[in-house]
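Q: here is a sequence with its predicted model. Questions after.
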Amino acid sequence: MKAKPLADRVLIKPLETAEMKKGGIIIPDTAKEKPQEGEVMEVGPGRVTDDGKKIAMEVKKGDKVLYGKYSGTEVTIDDVEYLIMRESDILAIVG
């Protein structure tokens, strides 16, 4: 990995959802909703408060997380799409 997030930011690889729905209907790429689940690929060192204390990150590399539908900034690194977002945009750790 050639990207290391800063402060309280997290690099997430969105997980693809199944392409076929119940009943065998295939949804085209243009009509699909953005995934809201992903895997944490890299984690920043944590946020520093105004008085200089470092707040540790709750998520770690390898966690599967849920995040808001329009959270983060899309980036492409080595032809792979990722999201960079603040830890506060992550809603939950799953599984």
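A: Ah, there it is.
Q: now name the helix or strand holding the residue minimising distance to the centre of the chain.
A: For the chain, residue 12 is the residue whose C-alpha lies nearest the centre (Cα atoms, centre = their mean; 3.1 Å). Element membership for residue 12 (DSSP states H and E) is strand 9-14.
Q: who touches that strand?
A: Under the contact criterion Cβ atoms under 8 Å, 6 or more residues apart in numbering, strand 9-14 has outside partners 1, 3, 5, 34-35, 37-44, 57, 59, 65, 67, 72, 80-87, 90. Yep, even glycine has a C-beta here, placed from its N, CA and C like the rest.
Q: quick one, which of the residues you listed are buried?
A: 5, 35, 37-38, 40-44, 57, 59, 65, 67, 72, 82-85, 87, 90 (16 or more other Cβ atoms under 10 Å).
Q: hang on, the earlier thing: quick one: average confidence on the strand holding residue 12?
A: Here strand 9-14 scores 95 as its mean pLDDT.
Q: how far is the following helix or strand past that strand from where the chain is centred?
A: Moving toward the C-terminus from strand 9-14, the next helix or strand (DSSP H and E) is strand 37-43. Relative to its chain's centre, strand 37-43 lies at 5 Å (Cα atoms, centre = their mean, to the nearest Å).
Q: between strand 37-43 and strand 9-14, how many degrees?
A: Angle, strand 37-43 to strand 9-14, by axes from the mean of the first three to the mean of the last three Cα atoms, to 10 degrees: 140 degrees.
Q: ok, strand 37-43: who's next to it in the sheet?
A: With DSSP bridges as the test, strand 37-43 is paired with strand 9-14 (antiparallel), strand 64-67 (antiparallel).
Q: pick the most deeply packed of the ones you listed.
A: Each of these was scored by mean neighbour count; the highest is strand 9-14, a mean of 22, by mean count of other Cβ atoms under 10 Å.
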